[in-house]
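Asks: What follows is a protein structure lacking sequence information:
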């Protein structure tokens, strides 16, 4: 069973242990390189982490092709970083739960302003840890 992660020591452990991050809602940075959905994945890539973009609206980001959905993940990632509206979270949870357990992310991280206790509880019950309403970029810089 997964858990909801909210303490500083647990957040630090997630960030220090992440090597592969899939980013749902990644942007390509062409219109705005300071857009968090681009700048945070860029920061993660620059710090040596592998970043997998997921966004059907953008064919590529960070010089790599993007996946169209989480269903295209071929292996589990350490963190699935989510830049989606709250109303999109139930469908995202359905897609994650449809993945075989060995392809599910270890941690699902909802960016700042993204909070859905029901979705978080569903994901945790299925074995994934969940972080809500926190900026991964802030924690990646704090705990590098």
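Replies: On my side now, so go ahead. Keep in mind it's a predicted model, so treat the numbers as computed, not measured.
Asks: can you tell me how far the closest residue to residue 128 other than its chain neighbours sits from residue 50?
Replies: Excluding the flanking residues, the one nearest residue 128 by CB to CB, 6 or more residues apart in numbering is residue 2, at 4.4 Å. Where C-beta positions appear, they are placed from N, C-alpha and C, glycine not excepted. Going from residue 2 to residue 50 by CB to CB, to the nearest Å gives 22 Å.
Asks: neighbour count winner among the two?
Replies: Set residue 2 next to residue 50 and count neighbours by other CB atoms under 10 Å: residue 2 wins out with 19 against 14.
Asks: Can you pull the poorly scored residue ranges out of this structure?
Replies: The chain contains no residues with pLDDT under 70.
Asks: let's see 90
Replies: Residues of the chain that meet the criterion pLDDT under 90 lie in 29-31, 144.
Asks: Which parts of it are strands?
Replies: For the chain, the strands defined by DSSP state E occupy 20-24, 50-54, 60-61, 64-65, 79-82, 107-110, 129-131.
Asks: want to try TSV for those, with distance to residue 44 as columns?
Replies: Putting those into TSV (distance: least, CB to CB, whole Å) gives the following:
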stretch	distance to residue 44
strand 20-24	5
strand 50-54	5
strand 60-61	12
strand 64-65	13
strand 79-82	8
strand 107-110	11
strand 129-131	15
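Asks: Let me see the ranges of the helices in this protein.
Replies: Along the chain, counting by DSSP state H, helices occupy 8-17, 36-46, 89-98, 117-125, 136-142.
Asks: Among these, show me which one is buried the most.
Replies: helix 36-46 (a mean of 19; mean count of other CB atoms under 10 Å).
Asks: List the contacts of it.
Replies: Contact with helix 36-46 is made by 21, 23, 25-29, 32-33, 51, 53, 61-62, 81, 83, 111, 135-137, 140-141, as judged by CB atoms under 8 Å, 6 or more residues apart in numbering.
Asks: distance from the centroid: which residue in the protein tops it?
Replies: In the chain, the residue that sits farthest from the middle, by CA atoms, centre = their mean, is residue 31; the gap is 21.7 Å.
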